[in-house]
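*Asks:* Output the structure for:
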Amino acid sequence: MASLNDSNNLDYVEDEVPQTPTRPSTLYAIPYVGMEFESLEKAQSYYEEYGRQQGFWIRMRDKRRGIPRCNEFTMAIWTCSRAGKPRCSKEEMQMKELESYRNFMAPGEDVGNANSAQSVKSRNCSSIMIGCKAHMRVKLERHTLKLKVVAFSDDHNHEVITPKKRMNMRSNRRMPDVVKKIAEDFQTQNLRVSKVPAIFCGDQIGFDSRDCYNHLAKVRQKNLDTGDAQFVLNYFRQKQLHNPQFFYAVQCDEEGRATNFFWVDPRSRMAYDYFGDVVVFDTTYRTNKYNMPFAPFTGVNHHFQSIQFGCALLQDETEDTFIWLFDTWLQAMGGRAPVSILTDQDLAMRGAIAKVFPSTTRHRLCLWHIKKKFGEKLSHVYFSASDFKKKMKACVHWTYSKDVFDEEWKTMMCEFHLEGNKWLQNLFEMREMWAPVYNRDTFYAGMNTTGRAEGINSFFDDFVTSTTNLREFVQRYDEALKKIVRNEEKEDFESEHKVRIVAEGDWMLNHAADVYTRALFNKFKFDWASIWQFKIEKEERNPDLWCFHLKTRDKVKGYKQQFVVQLNPETYVGTCECKKWEFSGMICMHIMKVFDHLDLEEIPEHFILGRWRKKAKVSFRVMDQLHSTGDGDNEHAEVLRLNHLCKEMTQLACRSAPHEDAYLLCVEGVKELSQKVDALITSKSGVTKVVANVNDQPEPSNADMPQIILDPLLSQTKGRKRDARGKEVTNSSTRIKSGLELATNKRKRNCRCCGKLVAHDTRTCPQNPKNLQKTKKVMELPMMTQMRMKTTVLKFKTTRTSLWVIVNMCHDYLCCKLHEDRGESGDYDEASAASADKEEANTKNQGLSVAVQ
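*Replies:* Below you'll find the predicted structure:
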């Protein structure tokens, strides 16, 4: 044993020895033969504490029951944890067998099998077992019925652990219950669990980050004993039992394996009644264990914040899956379809929307996804500061007439010789689904892209990871919804209880501050400050209609525009050619200019959209458990009262069902209460109104579902297996980047040839002498060879490719062509090549430009 007086061992010299707060600091005497214990647990605890005090930990080697059919142990042996010898691993056994086979081989025998021993890889592992003889043995005394120490040895063949390192002993590795709870909360909130030991000084208590992760793994395994998908199904059932307005649907395959999940909480269903006129749908988010695409239905509230109208986890992205999802979602929303819906260019999604949603729902494609493809499809004309890019931007964004858009589009196609481009032809044929001029007469809350859905995907990154299973996903989704509600309540407070600072004489802006929320007021204020850009050139005041012709001032840089505003002189109801009011629900700067010209002090009631008001959702902001709130016979207050009554009656039924007396009392009370309600309603209106619960409708998707469902398979969705470079995509929510983005966002570095911070390297540097020689060779080639190079270069679908990279490709082609010519027709005729070069010297510059193009 190590001595404390050893001057070379500095580990024994320390100012303070950390003690575990949960264990006593008393000293334990050395066990001796004849020492007695009341029970086996006490004997083990004493020896364990003694070992912890001395610097070693123990393990039980054997215990026996001496009396048949008796649960009490009569003998037990504890040894030092370093007793015994380590077992050979599977790899080591194979190595020994191959080595013995090699020793017994004949001299001329094939050694192929023996040499295969080198291919066996052994694991880099270690063991603490070195044959220590320290132990303690106890035996039950039949006269006293106590365990007595019959053998004890404290002879260790190793050094004991110093006090400074005893926190690394296995017997000291313990996590307090409060630390376990904090670690679970950290995982629920998607915080870094590795920070928990630093908060509680885990190095002094006896745990580290690995212990935290091991505990979470045990909790996760315990919760998933019934299966991941089965837990989600039970979770949905409990949520619906607690609140009948909770809606869910699960689809299974023939083997009883879950394929698709859909659920929506009561508050989201109620919010759809207020803000369900526009919906953004996207399936690009797939951060979960099964790679299942997360499909949220996203909307916009009165603070211009993203809110949820339900979500789904899908097994695939086929048209049948989308049809099931949209049918289920409409069923959850009471059959009410939105005014407009924005998606990407997925064909299966387009087909499902056309089959499920009515013709009144306007489907629009994301403008950003379409504009992103211009750089990929038309890289030779669509680049930074190009004329085609400027004119295309003006045609898409600054045209307010369908005829003008069609005319300018055709003019551009002729000017840049793009009449035969099939991609542009198909894009023009479907212009009604993406061009802003064809969608300005439909309400989209001012959105042209699905960026709001991608923003909500980034919002969920704070709650889920690539290893999140289904159970954790649905629970963390609820946490995300709570955060959305908190953000909305914060904006409610800011809008209602804080006053916007506006000049006293600006009556129009003061009225906007009174009716609009803070976010919408800021938008209105920005537009109101920009009305100076327009001037009224002409007025036409007829008895029934006023017309105002506006034009941008000459000082305003950019695209000059003219607009016509028409107003009713009595009600001030009117329209503008830009149709911003119809598209976003906010009046445009042109109408503001006319109101300022007419010296109006308030915004006409017609131009104040109800969804943008401060009190757009007062009736369901707070749900009182005892009293329902609402404004008279408001339709939304009726939904709130229905939700409240269903919750109260469900809880009453659950408490009464187990007891027969309580059940009979409840039935009699319900009958009596029903008669009183019918009499009250009849006395007021004479008509009894019956409201049906949406959840009372049959759910075909859940009717044939088995009672126990299996976990879903790993989802293999389209377009996500590999990125633009052909590499496998990891399980993250990062959007797959195109070749243009990868080339544009290439990281710059210092070139060793020119010494500049650029995107090229020495191999492609223009100042490299080798590149200059290759360029000279290419420029001196005959015209036919350069045309062949053009065909070779065009095979590579690259954008923004460096000139010197193309030159290298042409040089490699030339070398290959020279080898082919020498192989087919003998020696290469340099004289013929020189004469051909002289004949076509006047076209070498044109040939180089063709090759580069």
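
*Asks:* Quick one: residues contacting Val264.
*Replies:* Phe246, Phe247, Tyr248, Gln308, Phe309, Gly310, Cys311, Trp329, Ala332 (C-beta atoms under 8 Å, 6 or more residues apart in numbering). Placement of C-beta: from N, CA and C, glycine included.

*Asks:* Let me see the contact set for the fifth one.
*Replies:* By C-beta under 8 Å, 6+ apart, the contact list for Phe309 reads Val264, Ser268, Arg269, Ala271, Tyr272, Gly276, Val279, Phe297, Thr298, Gly299, Trp329, Met333.

*Asks:* Repeat the analysis, applying 6 Å as the threshold.
*Replies:* By C-beta atoms under 6 Å, 6 or more residues apart in numbering, the residues touching Phe309 are Ser268, Tyr272, Phe297, Gly299.

*Asks:* all strands for the stretch 101-250 of the chain, in order.
*Replies:* 135-141, 146-153, 247-252 (DSSP state E, counting those that start in this stretch).

*Asks:* which of those strands is buried the deepest?
*Replies:* The highest mean neighbour count among the strands of the stretch 101-250 of the chain, using mean count of other C-beta atoms under 10 Å, belongs to strand 247-252: a mean of 22.

*Asks:* Show residues contacting that strand.
*Replies:* Everything outside strand 247-252 that qualifies as a contact, by C-beta under 6 Å, 6+ apart, is 233, 236, 258-264, 328, 332, 701-702, 705, 709.

*Asks:* ok, so of those residues, who is nearest Phe521?
*Replies:* Val264 (31.0 Å; C-beta to C-beta).

*Asks:* Quick check: pLDDT value at the closest one.
*Replies:* Val264 carries a pLDDT value of 94.

*Asks:* which residues touch the nearest residue to it once chain neighbours are set aside?
*Replies:* Leaving aside its sequence neighbours, Val264 sits nearest to Gly310 (C-beta to C-beta, 6 or more residues apart in numbering; 3.3 Å). Listed by C-beta under 6 Å, 6+ apart, the contact partners of Gly310 are Val264, Ser268, Phe297, Trp329.

*Asks:* number of nearby residues for the second one?
*Replies:* Right, the one you point to is Ser268. 24 (other C-beta atoms under 10 Å).

*Asks:* check contacts around it.
*Replies:* Going by C-beta under 6 Å, 6+ apart, Ser268 touches Gln308, Phe309, Gly310.

*Asks:* cutoff 8 Å now
*Replies:* Ile307, Gln308, Phe309, Gly310, Leu481.

*Asks:* cool, and the third one?
*Replies:* Contact partners of Phe297, counting by C-beta under 8 Å, 6+ apart, are Val279, Val280, Phe281, Gln308, Phe309, Gly310, Cys311, Trp329.

*Asks:* Helices - which of the contacts of Ser268 land there?
*Replies:* If you go by DSSP state H, these have Leu481 in helices.

*Asks:* okay, who's weakest in the contacts of Ser268 by pLDDT?
*Replies:* Leu481 (89).

*Asks:* gap between that residue and Arg267?
*Replies:* As judged by C-beta to C-beta, to the nearest Å, Leu481 and Arg267 stand 8 Å apart.

*Asks:* okay, those two: which has more neighbours?
*Replies:* Regarding Leu481 and Arg267, a neighbour count based on other C-beta under 10 Å identifies Arg267 as having more, with 19 against 16.

*Asks:* For that one, which three-state class applies?
*Replies:* Of the three states, Arg267 takes helix under DSSP: H, G, I helix; E, B strand; the rest coil.

*Asks:* Surely it and Lys482 touch.
*Replies:* No: with contact defined as C-beta atoms under 8 Å, Arg267 and Lys482 do not form a contacting pair (10.0 Å).

*Asks:* Can you name the residues that contact Gln475?
*Replies:* Thr188, Tyr235.

*Asks:* what helix or strand is it on?
*Replies:* Assigned by DSSP states H and E, Gln475 belongs to helix 470-497.

*Asks:* What's the first helix or strand after that helix?
*Replies:* As assigned by DSSP H and E, the chain's next helix or strand after helix 470-497 is helix 507-515.

*Asks:* Does anything pack onto that following helix? Which helices or strands?
*Replies:* helix 518-528, helix 589-598 (3 or more C-beta pairs under 8 Å, 6 or more residues apart in numbering; DSSP states H and E).

*Asks:* got the buried residues for the last one?
*Replies:* For helix 589-598, a neighbour-count test (16 or more other C-beta atoms under 10 Å) marks Met589, His590, Ile591, Met592, Lys593, Val594, Phe595 as buried.

*Asks:* Now distance to Ser683 and secondary structure too, for the contacts of Gly310, in JSON lines please.
*Replies:* Below are these laid out as JSON lines (distance: C-beta to C-beta, whole Å; DSSP: H, G, I helix; E, B strand; the rest coil):
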{"residue": "Val264", "distance to Ser683": "37", "secondary structure": "strand"}
{"residue": "Ser268", "distance to Ser683": "37", "secondary structure": "helix"}
{"residue": "Phe297", "distance to Ser683": "42", "secondary structure": "strand"}
{"residue": "Trp329", "distance to Ser683": "40", "secondary structure": "helix"}
